[in-house]
Each structure stands twice: as C-alpha cells, then as structure tokens.
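K.L.:
Requesting a structural model of the entry that follows:
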Amino acid sequence: MIQMIDLNSKGLVKQRESQNLEFKETFSLGEALIEYSKTLVGMANNIGGEIIFGIKNSPHEPIGLKDGRFDSFDPRALNKILLEYFSADINWKVEVLERFSKRFGVLRVEAASTKPIVCTKNHSSKGLREGAIYFRYRGETREIRHAELVELLNAEKEKEKLLWIKHIQSIASIGPQAVEIFDTSKGVVSVGGTKVLLDTNILSQLKVIKEGSFSEKEGAPTLKIIGELSGLVNHDNVVYNDLAYPYTVTMLADKLGLANSYGASRLVEHFGMKTKTEFHAEIKTGKKSSTNKYSELALNFLRDKVRQDPSLVDKVKKKKKKD
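P.N.:
As a prediction, the model looks like this:
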C-alpha cells in the first residue's frame, strides 16, 4: 500500500523521511538507478518501504512529476542493476500516486523474505562495496551496523527454527513411521526409500485441500496435501503446472534484465535447459497447443551464470550467429 501524503498548514508534506520512506524531487535514469537500487535493497533488508518522486528535498514541497521520464521508465533497467550488484531479487513495484491534482512516482519494495541481501560488486561513484549489507535507517541508507546485523541474523535463525519446530510437531503428531516426503520441486513422493509419482489418472479420485475442510462418507479414502500440488505424472512423462514452472522465456528475460526474450532463448538453448525437467516443462494450453515454461530453479541457474560472466548473453548470441 502506498503511503498517503498529507500536508500541513503551509502546504508542505507532514511526513518525514524515515526507515521506510524517502523523497526525491525528480526521477532520473542512468547511474541514478544504482542509487535507487541501493535504497530499495536497504529498505528490503529492513521492513520495506517507498521512494516517492516529485517532492522537494527541503522544505518537502509536493511539486509532482515535471516530465515523462518516470512514465517511460522500463523496470527491466533497474532489474538489470539489481541482478548485477546484489545477491538476491527483491519484490518491488513501480506505481503512481495522484494527490493534490498532481502525479507522484513511487518505487515500492517489500521486506525481503530471506535476509540479508548482500552487495556483490563494487561501484565507487555510487558507494557500492562488494560484501556490504545496506540497511535503511531513519532518513538514510548505509552499511548495516553491528547491532542491527546481529538482530537481523538472529531473526533469520528464529524463522528457520520455527519452521523446523512446525515440521517436527507435524511429524510427532502422526509418528515418524507414517511420514513421507513430498518433494514439490520434482513432484515426487518418497515412500520407504522409494519414489512414487502421482499419475494424472487418479486425480478424479483425490480430494486435494488447500484451505478449509470437507466431509466425506465414512471410510472413504482421501489424500490431504498441505500446500500447493506442483507436479503430476502422466504415462511416465512428468507434466507440471504453472506453480512449478511459472516463467515464460519473456519473463526470464525480464527477470534477468535483458532487453528482449532473444537473449534468454539463447541462454536456454546454450545450456540445454529444455532437456532437463528440473528447468523446463511443456505446459498444455489447449487440446493441441502448449507453451514452454521454466522453473524457479531455471531462473536462479541463469542468474548465477550471468552474474559470473556479465558478457555471457553477448557471447551466446555471437555463437548462435556463427552456427
């Protein structure tokens, strides 16, 4: 939710810059995007927040956007910087806020699900340092201090501990001898040391529950799956849905900060990803039509490769032309 802008009696913004709010008078491209990415990552390492464009620095006068740069801004440019300089994705959005008959640009980011996000590359002019963890303090983004780092790491340990406790409590409630592993990344259930794949032919006989409950006649067999059913098997061929393979090649390009899908297609071809079920699946869209989709594992694999060699996309494009 975008923070509302309220004015005082002098027509100035009441809110002050804080750990989750920063004001900018104008929106710029080029190296300014590196500065914005640093601020967004710092907020993601804290509680999330927003950069609002169209508000003067001092005093905080709401002047609104004065040109079309924010409207024409391509989010892939910022995604590319995040990919190049930081260790993980952040969940951010581009939004527009209309107040006082004026338009304000907003870059909004959620708190990272897993912290910390670490800087992976130096950029001297914008103050980025490899290995640094940026954190949003009141009105400024800077390298995290010891006290906040300890608190952040302890919070992550606590999250993992609570998750283990939840799993262990679930196991204890039914007994370890009755517990099997459902690997949602591969659509495989491990039973007694062997792997069992779900066949699509039994779907009509299963009652799959995501939320709530249902009643059935006494003694009727049911299967209850806690979470999302990601994979199925049909005649020895694994058929997965969009939960396990959420990305098209265009979406991969967008996540990788590429200008178009051609580069992503070449990367997929270069690494033979369509031959590996952990990366790729052909999802049916109709009786005779289908589309190629890719997993989160595929995205992470390509992201790591591009981080290791920023010129990789150009190299595989050139190789394709030679072939």
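K.L.:
what about the helices in the stretch 51-200 of the chain?
P.N.:
Along the stretch 51-200 of the chain, the stretches classed as helices by DSSP state H, counting those that start in this stretch are 69-72, 75-85, 146-174.
K.L.:
Pull out the buried residues from the last one.
P.N.:
So the one you mean is helix 146-174. Within helix 146-174, the residues that qualify as buried are 148, 149, 152, counting by 16 or more other C-beta atoms under 10 Å. C-beta coordinates here come from the backbone N, C-alpha and C atoms, glycine included.
K.L.:
The last one is in contact with residue 116, isn't it?
P.N.:
Right, residue 152. Yes: A contact is recorded between residue 152 and residue 116 when judged using C-beta atoms under 8 Å, the distance being 5.9 Å.
K.L.:
what touches both of these two?
P.N.:
The overlap between the contact sets of residue 152 and residue 116 (C-beta atoms under 8 Å, 6 or more residues apart in numbering) consists of 45, 144.
K.L.:
Quick one: low-confidence residue ranges for the stretch 51-200 of the chain.
P.N.:
Within the stretch 51-200 of the chain, the segments meeting pLDDT under 70 span 174, 177-200.
K.L.:
one more time with 90, if that's ok
P.N.:
Under the criterion pLDDT under 90, the flagged ranges of the stretch 51-200 of the chain are 57-58, 76, 80, 83, 88-89, 100, 124-127, 139, 159-200.
K.L.:
so where do the strands sit in this structure?
P.N.:
For the chain, the strands defined by DSSP state E cover 21-24, 48-53, 92-99, 102-110, 134-137, 140-143, 181-183, 188-191, 194-197, 231-234, 237-240, 280-284, 290-294.
K.L.:
would you turn the ones you listed into a markdown table with mean neighbour count?
P.N.:
As requested, the strands of the chain are arranged in a markdown table below (neighbours: other C-beta atoms under 10 Å):
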| stretch | mean neighbour count |
| --- | --- |
| strand 21-24 | 21 |
| strand 48-53 | 23 |
| strand 92-99 | 15 |
| strand 102-110 | 20 |
| strand 134-137 | 23 |
| strand 140-143 | 15 |
| strand 181-183 | 13 |
| strand 188-191 | 14 |
| strand 194-197 | 12 |
| strand 231-234 | 18 |
| strand 237-240 | 16 |
| strand 280-284 | 18 |
| strand 290-294 | 17 |
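K.L.:
quick one: which of the ones you listed is nearest residue 250?
P.N.:
Taking C-beta to C-beta as the criterion, residue 250 comes closest to strand 290-294 out of the strands of the chain, the separation being 10.6 Å.
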